[in-house]
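Student: Curious how this folds, go ahead:
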Amino acid sequence: MGSLAQPPQLSARAALLADGRTGTILFEQAAHERLAPASTTKIMTALIALERGDLAEVVTVPQAALTVGEASMGLGASEEVTLEELSYGLLLVSANDAALAVAIHIGGSLEDFLALMNERAAEWAPPDTHFVNPHGLDDPQHFTSAADLLTLAREALSNPDFVRIVATPQATVAGRPLVNTNQLLGTYEGADGVKTGTTDAARECLVAS
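Tutor: Numbering: from 1, shown residues only. Alright, predicted model coming up:
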């Protein structure tokens with residue numbers, strides 16, 4: 001295992017730094033502690049959507065996708081958008097309506113999509129992760145760890161469509177201007193992803209590459 005010569009003093013409760021190519025851990029702090037992941041959850045939502053769907057397919061937004069507030073694309077019931085457009089909304093502005101629309105479309109139902117999310121997490125041994133929604137809003141039974149987020153991010157970054165979307169600083173999608181919540185893009189040399197997250201329980205989360 002590699003390590004940093006002078007580990008940083010962090011305000012974060014948990015953290016992990018790794019070589020993305022090899023997975024070598026360079027620094028870790030409470031890396032297996034189960035914590036609220038906020039919208040870093042959407043990495044898994046997007047990964048399953050990109051693996052199981054076609055970006056060009058048209059999705060009719062169900063009313064059920066509009067039942068959760070906070071971050072949104074401003075989707076309307078019965079609006080037709082592509083899976084690619086929803087993926088941009090999901091990963092750039094962390095849209096909860098996009099997350100629910102993706103989940104219902106790909107899974108057939110929210111419950112079946114959550115089963116797909118948890119089946120994927122169960123592949124990690126042992127997993128520190130359990131999902132009860134596709135967007136990351138706080139719930140005591142919705143948690144992950146820095147270690148599992150590393151595993152998830154590495155899997156997602158092996159998907160070229162995911163890489164392209166999370167590296168996009170801003171885009172006009174479905175007639176909507178979207179600005180990526182990841183402020184490292186364009187301000188930190190070499191930054192090309194991945195996902196932010198903020199809730200009361202999670203506070204501020206970041207998966208960065």
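Student: could you say what helices and strands the helix or strand hosting I106 packs with?
Tutor: Per DSSP states H and E, I106 falls inside helix 96-107. When contacts are defined as 3 or more Cβ pairs under 8 Å, 6 or more residues apart in numbering; DSSP states H and E, helix 96-107 sits against helix 42-52, strand 58-60, helix 83-92, helix 110-121. Placement of C-beta: from N, CA and C, glycine included.
Student: right, and these - which one's nearest F162?
Tutor: Across the helices and strands packed on helix 96-107, F162 has its closest neighbour in helix 42-52 (5.7 Å, Cβ to Cβ).
Student: Can you mark which positions in the closest one are buried?
Tutor: K42, I43, M44, T45, A46, L47, I48, A49, L50 (16 or more other Cβ atoms under 10 Å).
Student: With mean pLDDT as added columns, please give the helices and strands packed on helix 96-107 in a markdown table.
Tutor: Formatted as a markdown table, the helices and strands packed on helix 96-107 follow (pLDDT from 0 to 100):
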| stretch | mean pLDDT |
| --- | --- |
| helix 42-52 | 98 |
| strand 58-60 | 98 |
| helix 83-92 | 98 |
| helix 110-121 | 97 |
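Student: Export the ones you listed to TSV and append columns for distance to P140.
Tutor: Listed next are these as TSV, based on distance: least, Cβ to Cβ, whole Å:
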stretch	distance to P140
helix 42-52	19
strand 58-60	31
helix 83-92	24
helix 110-121	16
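Student: Of all the ones you listed, which one comes closest to N182?
Tutor: For these, proximity to N182 was assessed by Cβ to Cβ; helix 83-92 is nearest, at 8.3 Å.
Student: C-alpha coordinates for that closest one, PDB please?
Tutor: The C-alpha trace of helix 83-92 is given here as PDB (Å, rounded to 0.1, in the frame of the first residue of the first chain):
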ATOM      1  CA  LEU A  83     -32.100   9.000 -21.500                       C
ATOM      2  CA  GLU A  84     -29.000  11.000 -22.400                       C
ATOM      3  CA  GLU A  85     -30.700  14.200 -21.500                       C
ATOM      4  CA  LEU A  86     -31.800  12.800 -18.200                       C
ATOM      5  CA  SER A  87     -28.300  11.600 -17.500                       C
ATOM      6  CA  TYR A  88     -27.000  15.100 -18.000                       C
ATOM      7  CA  GLY A  89     -29.600  16.400 -15.600                       C
ATOM      8  CA  LEU A  90     -28.700  13.600 -13.100                       C
ATOM      9  CA  LEU A  91     -25.000  14.200 -13.200                       C
ATOM     10  CA  LEU A  92     -24.600  17.900 -13.800                       C
END
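Student: Just the angle for it relative to helix 42-52, thanks.
Tutor: Counting by axes from the mean of the first three to the mean of the last three Cα atoms, to 10 degrees, helix 83-92 lies at 160 degrees to helix 42-52.
Student: what bits of the protein have low per-residue confidence?
Tutor: Counting by pLDDT under 70, the chain shows low-confidence ranges at 1-4.
Student: Which stretches in it count as strands?
Tutor: For the chain, the strands defined by DSSP state E cover 15-18, 25-29, 58-60, 80-82, 170-173, 176-179, 194-199, 203-208.
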